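*Asks:* got a predicted model here, sequence first, then my questions.
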Amino acid sequence: MWYALESLARQKEVGLVWVPGHTGIPGNKRADQLARLGSGEPPQGLEPILGISRGSINGAVSRWAYRRLEISWRMNTGCRQAHNFIDGPDRSKTAWLLNLGRKALNQMVGILTGHCRLRRHLHLMGIEVSTLCPECGEGEDTPIHLMGHCIAFGRLRYKVCCRDAGGKR
């Protein structure tokens, strides 16, 4: 079924929708009639005919949706700041983020997207005049600058990033 749906979607725009209460959807009565006719017919195909479990269907839909998300992320030319930090969908990183508290999650999303209280973003919003980093005055005040380039945070960066698991340099 999924192969047929994906094959059809390559040639035509396909929408898969849930029909609530069978109202207002063109062709729905005819689809119901055909379904009743088909349910009375003997099964066609190779033996043995087995039903597909809900788990198999959910897994297939989940994998299909995840592949579509990966493709969509790669094709997206916007979200420049987020693309600097995020390679693509990652279930383990998503789980980690969702386990953060509300305040920490808000800060992480701000850093990852660039929509945070740093001068560059505030300047784009018309709140701040200068985009320069207030700590070093040498680069634009962005998450990338603070975490990777700002000399004012060089020691902290070294302390956090350049020690092994035992705390040694």
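*Replies:* All right, it came through fine. Residues are numbered from 1 along each chain as shown.

*Asks:* next one: residue 82 relative to residue 110, how far apart?
*Replies:* 11 Å (Cβ to Cβ, to the nearest Å). To be clear about C-beta, it is placed using only N, CA and C from the backbone, and glycine gets the same treatment.

*Asks:* by mean pLDDT, flag the weakest helix or strand of this structure.
*Replies:* Lowest on mean pLDDT, DSSP states H and E among the helices and strands of the chain sits helix 2-11, with a mean of 78.

*Asks:* spit out the contact partners of residue 85.
*Replies:* 111-112, 143 (Cβ atoms under 8 Å, 6 or more residues apart in numbering).

*Asks:* again with residue 74
*Replies:* residue 88.

*Asks:* how near is the most centrally placed residue in the chain to residue 12?
*Replies:* With the centre of the chain defined as its mean C-alpha position, the nearest residue by Cα atoms, centre = their mean is residue 89, 5.2 Å away. From residue 89 across to residue 12, the span is 27 Å (Cβ to Cβ).

*Asks:* before we move on, the earlier item: packing partners for the least confident helix or strand of the chain?
*Replies:* If contacts are counted by 3 or more Cβ pairs under 8 Å, 6 or more residues apart in numbering; DSSP states H and E, helix 2-11 sits against helix 54-75.

*Asks:* now do the helix it packs on, average pLDDT.
*Replies:* The average pLDDT within helix 54-75 is 94.

*Asks:* can you pull the buried residues of that helix?
*Replies:* When neighbours are counted by 16 or more other Cβ atoms under 10 Å, no buried residue of helix 54-75 is found.
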